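Asker: The sequence and its predicted three-dimensional model are supplied below.
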Amino acid sequence: MYKIISAFFSSDISLSIFWKDLISYKLRYLKNDITSAISVALLAIPQSMAYSLLAGLPPRAGLFSAIFGTIFTAAFASSKKLVSGPSTGVSILIQTTIAEILHLYYPQAQGAVREALTMNILMHIVLVMGVFQLLASIFNLGKLLQFVSRPVILGYFGGVLIAICVSQAYYFSGITPSSEGGPVIERGIYFVTHIHEIKPITALVGFVATVVLIILRKYIRKWPNALFILVFTSIIVYFLNTYTSFYVESLKDLGIAQTPSITFNFPLISFGLFSKILTPAIAISLLSILEVFSVSRGLAAKGGARINSNQEIFSVGIANTFLSFVNGAMPASGSLSRSLVNFRNKGKTRFSAILSGVFVVIIIFFLWPLVKHIPLASLAAILFVMVTGLIDIEELKICFKATKGDGVVFVITVLSCIIFNLDVAFFIGIVISIVTYLKRAAVPYLVEYTFNTSGRLQILSPKAKKVYRKIRIIGIGGGLFFGAVDLFETTLQAVANDPHVRTIVLRLNGVYHMDASMCFAILRLYEYLAVTKRHLVISGLTTEVWQILYKATIVDKIGQDNLFLTEESNPQLSTWRACLRAQDLK
């Protein structure tokens, strides 16, 4: 307990971030925050209901997440634009996890019993997610997210953009989507092959909403354009559905017959069920963390802000822990589309996201008779217009011009989003990014030095390398870990096989870490030279590397007289001393 408390107070998590922003809040921000919050709330309602159905849960499950998940995440997140709640990837994993557990352990459950089991499994998943995310933030695991490269995030954004366009194309056109769902490519093919089922009036409403929204955004930017479009098209659709034979689908067609009720229950842990859901729940919580981080980081890059990865994890952990007390609530994750709407509508502070959760409550409980007439085609049109700024073309150019590897990571991530599910695609992008990093890091900088007539180190020219030397100075830079062992041993073995060499001086200036594999490699080199009555001397040792060699007992084996610590004021001095030591050795 003491370690947990100490880790918490020594971390970079802030519990007062909400209070500080509340005290410094300016009333001039209120207009932008309210208009942005209304737009986000109106988008959150149909999306949350759709994600609930995708997860195989009642529509209220996603709405509860859009309310409490958004409010609590926004209150404690470092990003002021982040909007959380249910997401596609998390919904898919929730559905597959619950279905698999029911199939494996409760195959006979039917009706009300099966529904109760589903809610109980969901509660356990959300609770594990919340606790795991809180512990991850407390123990500073947010730093691991630095391995999620910018090309992966851009690729994921690109894949999500395509996924949003494909899913919203059904609402825009009135075509009924396949009940089987599936990856983006399958839904896209299904849409194209069923294009003959398009409903002209629905598509016309969506087209009008898109055109008017583009015009308003261009010429009347100060208006709450999205809100105006929703009111305008809702009136049109109401009269079409009431007084004509045409029918345009609206929010009421997504499955809420009556206003949902919110109930709170204390989580009752079943350790038998807990053991069954632990592994998938941790996987879902990791996806939630990555989605929150990618959304926050992407929006921060666009707005020039800075985020704290541990604070983001802590905020979604708080949200999911609270959601485990809400009966039938889905877990919260990062919502790219709703965060983008918040960003594009110029929500000024974190209170725009918090207010969006409040407005979802108001809309559902007090304005549902009016809001249920909002056409799904109009919401699709708003998303189409909003996602146009999801990918920055200049960032893409940099991604492809910087290195080939970055461009490949971006393309593979996008293709993975299209071919596989979004959750799988994101992990594929991360794995490729890490592999690319390790491949680059595993190539240490190896160069041979000599002293010139002025007594200064200089890189040995190719011609000079042909001259036989008794003392060879080999400089090594970069990360000395298991991935670099092969190149290290191959290069040093070639030097050691030269019969004229009596002493090898390893110059490790700038190396601050070394793992056990590299320790073994250095020890093998020393033993090989010792058997042939030759010597190994190491210079430029930092204090960190010295401690590693000391703990690995390599200092005792090589001898302290043959190891020289670096001096920051004169980096070449230790190598000079090492060469003097090499001359004394016989």
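Answerer: On my side now, so go ahead.

Asker: what about the helices in the stretch 1-150 of the chain?
Answerer: In the stretch 1-150 of the chain, the helices defined using DSSP state H, counting those that start in this stretch lie at 2-10, 17-23, 30-54, 59-64, 70-76, 88-105, 111-138, 150-173.

Asker: Save those helices as TSV, and put in mean pLDDT too.
Answerer: Shown next, in TSV, are the helices of the stretch 1-150 of the chain (pLDDT from 0 to 100):
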stretch	mean pLDDT
helix 2-10	45
helix 17-23	89
helix 30-54	84
helix 59-64	88
helix 70-76	94
helix 88-105	81
helix 111-138	91
helix 150-173	82
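
Asker: which one of those helices lies closest to Arg338?
Answerer: Arg338 lies closest to helix 30-54 among the helices of the stretch 1-150 of the chain, at 5.2 Å (CB to CB). For the C-beta atoms, the positions are set from N, CA and C on the backbone; glycine is no exception.

Asker: in the closest one, what counts as buried?
Answerer: Using 16 or more other CB atoms under 10 Å as the test for burial, helix 30-54 gives 32-54.

Asker: and that helix, what does it pack onto?
Answerer: Judged by 3 or more CB pairs under 8 Å, 6 or more residues apart in numbering; DSSP states H and E, the packing partners of helix 30-54 are helix 59-64, strand 84-85, helix 88-105, helix 225-243, helix 336-344, helix 351-366, helix 376-386.

Asker: Break the protein down into its structural domains.
Answerer: 27-437, 445-584 (automatic domain parsing).

Asker: how long is the longest one end to end?
Answerer: Counting by CA to CA, to the nearest Å, you get 46 Å between the two ends of domain 27-437.

Asker: next one: stretch 438-451
Answerer: Criterion CA to CA; first-to-last residue distance in stretch 438-451 is 33 Å.

Asker: Pull the residues that contact that stretch.
Answerer: 405, 457-460, 464-465, 469, 472-481, 483-484, 487-488, 491, 507, 575-576, 579 (CB atoms under 8 Å, 6 or more residues apart in numbering).

Asker: Of those residues, grab the buried ones for PyMOL.
Answerer: Selection of buried members from the contacts of stretch 438-451 for PyMOL, criterion 16+ other CB under 10 Å:
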select buried, resi 405+457+460+469+472+473+474+475+476+478+479+480+481+483+484+488+507+575+576+579
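
Asker: Which strands or helices does the one helix or strand Glu186 maps to pack on?
Answerer: Secondary structure assigned from DSSP states H and E places Glu186 in helix 184-193. On a contact count with 3+ CB pairs under 8 Å, 6+ apart, helix 184-193 meets helix 150-173, helix 404-419.

Asker: circling back to that earlier point, from the contacts of stretch 438-451, which land in strands?
Answerer: Among these, the ones falling in strands (DSSP state E) are Leu457, Gln458, Ile459, Arg472, Ile473, Ile474, Gly475, Ile476, Gly477, Arg507.

Asker: Go through the residues you listed and name the one nearest His535.
Answerer: Of those, the one sitting nearest to His535 (CB to CB) turns out to be Arg472, at 11.2 Å.

Asker: The closest one and Ile504 touch, don't they?
Answerer: Yes: using CB atoms under 8 Å, Arg472 is in contact with Ile504, at 5.4 Å.

Asker: show me what contacts Phe232?
Answerer: Ala209, Val212.

Asker: how close does it get to Ser356?
Answerer: Note on Phe232: its distance to Ser356, by CB to CB, to the nearest Å, is 21 Å.

Asker: try Ile558
Answerer: Taking CB to CB, one finds Ile558 at 63 Å from Ser356.

Asker: which one of the two has more residues nearby?
Answerer: Ser356 (31 against 19; other CB atoms under 10 Å).

Asker: For that one, give me the pLDDT.
Answerer: Turning to Ser356, the model gives it a pLDDT of 93.

Asker: what's the angle from the strand or helix carrying Ile398 to helix 404-419?
Answerer: Take DSSP H and E as the rule and Ile398 turns out to sit in helix 393-402. Between helix 393-402 and helix 404-419, the angle comes out at 120 degrees (axes from the mean of the first three to the mean of the last three CA atoms, to 10 degrees).

Asker: In CSV, could you pull the C-alpha coordinates for helix 393-402?
Answerer: The C-alpha coordinates for helix 393-402 follow below in CSV (Å, rounded to 0.1, in the frame of the first residue of the first chain):
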residue,chain,number,x,y,z
ILE,A,393,-1.9,16.6,-46.1
GLU,A,394,1.3,18.3,-45.0
GLU,A,395,1.8,15.7,-42.3
LEU,A,396,1.3,13.0,-44.9
LYS,A,397,4.0,14.5,-47.2
ILE,A,398,6.4,14.6,-44.3
CYS,A,399,5.6,11.0,-43.4
PHE,A,400,6.4,9.8,-46.9
LYS,A,401,9.4,12.1,-47.5
ALA,A,402,11.2,11.5,-44.2
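
Asker: ok so Ile538 is a strand residue?
Answerer: Yes: counting by DSSP: H, G, I helix; E, B strand; the rest coil, Ile538 is part of a strand.
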